[in-house]
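# Have a look at this prediction, sequence included:
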Amino acid sequence: MIKNNKFSILIALIIILLSFSKASSFQEINFINIPYLDKLVHFGLYFLLMMVIILEHQKSLQNTRTLILIGLIPIIFGAFIELGQSGLTVSREADILDVLSNSAGVASALLLWLLIKPYRA
């Protein structure tokens, strides 16, 4: 199982590491002033996680229903991380907007795959 999922496990471990790091370890970059940059990062990480999961299992994803069910895995994973941040750390807190950003990243990866899948040889 680990051998078939090594890249998605690696991405998930990176997400866990970043999620439970001290908030002070992420210093503001003065020359980049993008509002809600953290939400874009959440979106990007979960988009990447879902795309890696899809690419690792593309041969077994025969229908859209299976793909959507597999998409629930990173969404639930992200929700548990947010709950863990509020209960297990003192410098981080749970944010529903983070969960929504995570879910949007997963949904975007699913939609992108459904759009490009018919054109893949």
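Yep, it's here.
# Which helix or strand lies directly C-terminal to the lengthiest helix in the chain?
Assignment by DSSP state H gives helix 64-88 as the longest helix of the chain. Using DSSP states H and E, the helix or strand that follows helix 64-88 in sequence is helix 96-116.
# Give me the helices and strands touching that next one, please.
When contacts are defined as 3 or more Cβ pairs under 8 Å, 6 or more residues apart in numbering; DSSP states H and E, helix 96-116 sits against helix 37-56, helix 64-88. From N, CA and C alone the C-beta is placed, and that goes for glycine too.
# Let me see the contact set for Leu45.
By Cβ atoms under 8 Å, 6 or more residues apart in numbering, Leu45 lies in contact with 11, 14-15, 18, 102, 105.
# Assign Ile34 to helix, strand or coil.
What DSSP: H, G, I helix; E, B strand; the rest coil gives for Ile34 is coil.
# is it true that it touches Leu40?
Yes. Between Ile34 and Leu40 there is a contact under Cβ atoms under 8 Å: 7.1 Å.
# hmm, back to that, and the longest helix of the chain, which residues are buried?
Within helix 64-88, the residues that count as buried by 16 or more other Cβ atoms under 10 Å are 67, 70-71, 74-75, 77-79, 81-82, 85.
# sorry, back to before: of the contacts of Leu45, which one scores lowest on pLDDT?
Among those, Leu18 carries the weakest pLDDT, at 90.
# Distance-wise, check that one relative to Gly84.
Noted for Leu18: a distance of 13 Å to Gly84, by Cβ to Cβ, to the nearest Å.
# try Phe47
For Phe47, the distance to Gly84 (Cβ to Cβ) stands at 21 Å.
# And the residue most central in space within the chain, how far from Pro74?
Centroid check for the chain by Cα atoms, centre = their mean gives Tyr46 as the closest residue, at 1.7 Å. For Tyr46, the distance to Pro74 equals 6 Å [Cβ to Cβ].
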